[in-house]
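>>> sequence and predicted structure, then a few things I'm wondering about:
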Amino acid sequence: MRNINLIKSLAAAVSTAVRKSSGSIITASAVAGDSSAALSAQLLSSLDRTGPKLPHDPANNSAEEVSSLISSILQDEGDNEEYQSTSFYTTPKSNDKNLVNNLLDIEFTSQNTNQTLNPNSRQKEISRERKKKYIFKHTESRRFTKLMKTCASKIGTNETLDFFDKLGRETGLKEYNSLIKHCINNARLFKNNEDQFSENVQKVFRVLGMMREKGFSIEEASFGPILLLFIDFEMEGDFEELSDLIKEENPRVLGRLGFYEMLLSIRVSDEARIQELCGSVETAGDDVRYTLAESYLLAFCESDRKKELSQLLEFLEINEVSKPKYVTIIFKSLGRLELEHFAEKFLSEIHKSGGENFTSLIYEYVTSLPNLTAKEMVVKFTYLHEKFETVPPLEYYNNFISYFCNLSKINEALEIIDHMNESGFEVSTDLFNQIIHTCDQSFELHLVHDIYSMMRKINLKPNGEIFKTLISLCVKMRDFEGAYEFLERAKENGEILTSMYNSIMAGYFREKNSQNVKKVMKEMRKEGLKPDGDTFSYLIALSDSEKDISKYWEELQKEEIRISKSIFIGLIHAYSKLGNFDMVKQVVNHPDAPVKYMTEIKSTLTSALASNGKISDALEIYDEIKNNGSSLDQKALMSLIENTKTEGELEKMTNYLNELKGSNYWYDGCCRVILYCVQHNYTDDAIAFLKQLKEKDETSAYMGVDQIFCHVRNMEPVKLETGMRLLHAIKEELGFQISRTSLDFLLSMCVKAKDSHTARIIYNEYKLADLPYNVLTKLRMYQALMAVGETKVANEMLGNIQHEDKEVRYLIQSIKQTYFIRNEKKKKSINKSKKKKNK
């Protein structure tokens, strides 16, 4: 460690502000183009109406797929509905072939139309036009950032930029930075694939080069992410090459570069370099000295270097730190490292200067302190405000509840509620809505009773919606008794709703309990509540006959209940249950079927047909939905994957898998495709999908391996050779350490296959994987030896098994009896054959 004078000089530099830096230009050589050039050429050619057209390949709809994605982004569902209804971003869906060309009709700036307006509607039209302009102004950048990511995934980075040039859209810094982040995210995704990793890093340099050609300065927002990538993977050579280039062309970012240089030195534990960087502050020019020192301080905060940080903080003027976000980083570090003295010192300085972020910094500090209970955290928060004679705003108690909800710590969130009540603060039902939602998302459903108990403790009367949610959560964990208790309390409070009964019905529907569904209907009638579409959907779905279906249909029409999508979904379930698949397919043709929800209804139809072995009919509906420019819902796609059994359908299943969105569905779908590959001896394909799974989520891939071996063990006839090939590939190609569970499955297969040679190989794998032999492992090996009649070796194995446990002795006796009888029969058969030969 350098002497204290060095630390003082570094600390003193932090206390002065040099607050702005401008970037210059960075150059990077271009590398080879993307492999998707043909696709991008097709897309770009379609945008160029003056140039020659590429012939359309009906087998390759990738360009249409990209343009459809672009259209969906431009018609963002999150925007105002009224705005969506205008022609501003509307792309015709009836003619998919024209989707690409229709992109030329997209307006990138709002234009006024000279229409003759009715005087009575003129004011409304002006208001609507203003609204359109406002929404476009505030969503345009976000939309094109999203477009950049979508196109980059489909056609590559260079082609994406060319594509936007064709549209006449000026590519800005946000879009370039979005592409850089996209490439870096891909590089991290392919961290175990050297070629893919390098290709994505090269793409980043290509984008930086394009930015230079367009005259943009390369600011920290552009070079920071790639430097962080180099730091995370300890790529010192690449880091030095890029940082030297930035220093040469843009010396005004030297100060911020220091932050990354210090992070790298800390990452690789280069203590000499850390001291060298600290010493560089003394010799740095006045224009970068302060920014450089501040950057080193922030690097120490990020890496929790308590000793160096404490020495710097002694001389820090907190009000001179250049950006508010840096002050937040400092206070979070003070919390993590429990540097209370500095926290109070800096809070005093900020309070005296009238800092607006005083309370938020206390919150950041307190929530970063380790090992505090919820109550201790709030007490500390209150104490620090009282120390400086200020009152903590009520909104920050809400923030504490959100903080614990985000961590799925429901009991801690309830502690905050309790403290608020004791402190005299008013607690609203909205806070409980957040906690109940967390209870649902974190699957801690049993805590609904604790939540309600807290509401009673603080004398807060739940409204109907809260009661409905509490009932629904009870039903999810099959606690119908608890659900009825909440229903009774809702009645006492006068908050009874039809939807509460529907929630209980939904639970009985999932259990296929038609009698209890009917019982709930009677209870609802008794309370004088009118059933709705959801009510009848459950009754129809569990109908025992077509006569019942007709009866419920007449009832809902008689009561003038609106025909909803849930009713048609119920009809599909009902006719599927009764095996009338002709009627199942006719449901979507009913004149009252809501067109708006037709894709959802057809998705349910697809799932129902697939689940009942009608795969060809399901595929017809699937193709129909695709041809209409829509997508099957996730559950229906999963149903197609799960119910595709015949050999030779791997390509279709891969397409279904590629359509799945959301990690949970994709992981589940990928595992099912892998099991399909194993079932049909597509071992190489199974390993390829496992590699994809590993790249996206290594933990899921590791768990998937156990599922595979479980599936292989249950296959008939026994496919021990397939299991051994998978074992080798998983170890050698994926680099996984095989689990005890997987080896247990394989050893069980050896017993079924009566293969003692392979059993010995598997038994040795436990040792190679550093898995100690337990009683069950030895019993399986004993069983494998007995199964082939190797009695002598089996008895030697038996001598290594402890017999104290009653169940172990029972298993040993069962194995002996089973295989002794078989072996005796085999011996008698052999002796009989020998006698015949001798005669």
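The structure has been received and is ready for your questions. What you see is a predicted model, and the numbers here were worked out from it, not measured in a lab.
>>> Three-state assignment for L460, please.
Classification of L460 using DSSP: H, G, I helix; E, B strand; the rest coil returns coil.
>>> poorly predicted segments of the stretch 151-300 of the chain, please.
Regions of the stretch 151-300 of the chain meeting the criterion pLDDT under 70 cover residues 151-171.
>>> is there a neighbour count for F581? I'd like the number.
17 (other Cβ atoms under 10 Å). All C-beta spots, glycine's among them, are computed from the backbone N, C-alpha and C.
>>> dump the residue contacts of it.
When the contact criterion is Cβ atoms under 8 Å, 6 or more residues apart in numbering, the partners of F581 are 575, 609, 612, 614, 617.
>>> looking at the residues you listed, which are in helices?
Among the contacts of F581, the ones falling in helices (DSSP state H) are 575, 609, 617.
>>> for the residues you listed, which one is nearest E804?
Nearest to E804 out of these is L609 (Cβ to Cβ; 56.0 Å).
>>> and E804, how far from V775?
Here the distance between E804 and V775 works out to 10 Å (Cβ to Cβ, to the nearest Å).
>>> neighbour count: those two, which is higher?
In this comparison of E804 against V775, neighbours counted by other Cβ under 10 Å, the higher total goes to V775 at 16 against 7.
>>> shaky segments in the stretch 601-750 of the chain?
Answering for the stretch 601-750 of the chain: no residues sit below the bar, that is pLDDT under 70.
>>> can you pull out the helices in it?
Secondary structure of the stretch 601-750 of the chain by DSSP state H, counting those that start in this stretch: the helices cover 615-627, 634-643, 650-659, 663-679, 683-696, 698-714, 720-732, 740-753.
>>> can you give me the buried ones in the fifth one?
Buried positions in helix 683-696, judged by neighbour count with 16 or more other Cβ atoms under 10 Å: 683, 685-687, 689-691, 693-694.
>>> would JSON lines of those with distance to K203 be doable?
Written out in JSON lines, the entries for these read as follows (distance: Cβ to Cβ, whole Å):
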{"residue": "T683", "distance to K203": "33"}
{"residue": "D685", "distance to K203": "28"}
{"residue": "A686", "distance to K203": "31"}
{"residue": "I687", "distance to K203": "28"}
{"residue": "F689", "distance to K203": "26"}
{"residue": "L690", "distance to K203": "26"}
{"residue": "K691", "distance to K203": "22"}
{"residue": "L693", "distance to K203": "24"}
{"residue": "K694", "distance to K203": "23"}
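>>> spatially, which two of those residues are the most separated?
Of all pairs drawn from those, the widest gap by Cβ to Cβ lies between T683 and K694 and measures 16.3 Å.
>>> so what's the residue count around I451?
Each residue near I451 was counted by other Cβ under 10 Å, and the total is 23.
>>> so it, which of the three states?
Per three-state DSSP, the local secondary structure of I451 is helix.
>>> which residues touch it?
In this structure, I451 makes contact with 410, 414, 432, 435-436, 439, 470, judged by Cβ under 8 Å, 6+ apart.
>>> so which of the ones in helices among the contacts of F581 is the most crowded?
Counting neighbours by other Cβ under 10 Å, L609 leads the ones in helices among the contacts of F581 with 27 neighbours.
>>> count of neighbours near the closest residue to it other than its chain neighbours?
Using Cβ to Cβ, 6 or more residues apart in numbering and skipping the chain neighbours, the partner closest in space to L609 is A618 (3.9 Å). The local packing count at A618 equals 24, with neighbours defined by other Cβ under 10 Å.
>>> hmm, A618 is touching L640, no?
Yes. Shown here, A618 and L640 form a contact pair, counting by Cβ atoms under 8 Å, at 6.4 Å.
>>> how about the residue nearest to the spatial centre of the chain, what does it touch?
The chain has S663 as the residue nearest its centroid, 4.8 Å off, counting by Cα atoms, centre = their mean. S663 is in contact with 696-697, counting by Cβ under 8 Å, 6+ apart.
>>> same question for S564.
Listed by Cβ under 8 Å, 6+ apart, the contact partners of S564 are 533-534, 537, 594.
>>> before we move on, back to that, so which of the contacts of I451 belong to helices?
Using DSSP H, those in helices are 410, 414, 432, 435-436, 439, 470.
>>> what's the most distant pair in those residues?
When Cβ to Cβ is used, the two most widely separated members of the ones in helices among the contacts of I451 are L414 and L470, lying 14.3 Å apart.
>>> which of those two has more neighbours?
For the pair L414 and L470, the greater number of neighbours falls to L470 (28 against 22), based on other Cβ under 10 Å.
>>> what separation do you get for that one and Y538?
Computed as Cβ to Cβ, the L470 to Y538 distance reads 20 Å.
>>> report the buried residues of stretch 373-386.
Buried positions in stretch 373-386, judged by neighbour count with 16+ other Cβ under 10 Å: 374, 377-378, 380-382, 384-385.
>>> which residues are contacting it?
Residues from elsewhere that reach stretch 373-386, judged by Cβ under 8 Å, 6+ apart: 344, 347, 359, 362-363, 365-367, 369, 372, 391-392, 396-397, 400, 404, 409, 411-413, 415-416, 418-419, 423.
>>> closest one of the contacts of S564 to L173?
Lowest distance from L173 to these (Cβ to Cβ) belongs to P594, with 44.6 Å.
>>> ok, and the closest non-adjacent residue to that closest one?
By the measure of Cβ to Cβ, 6+ apart, the closest residue to P594 outside its immediate chain neighbours is K565, 5.5 Å from it.
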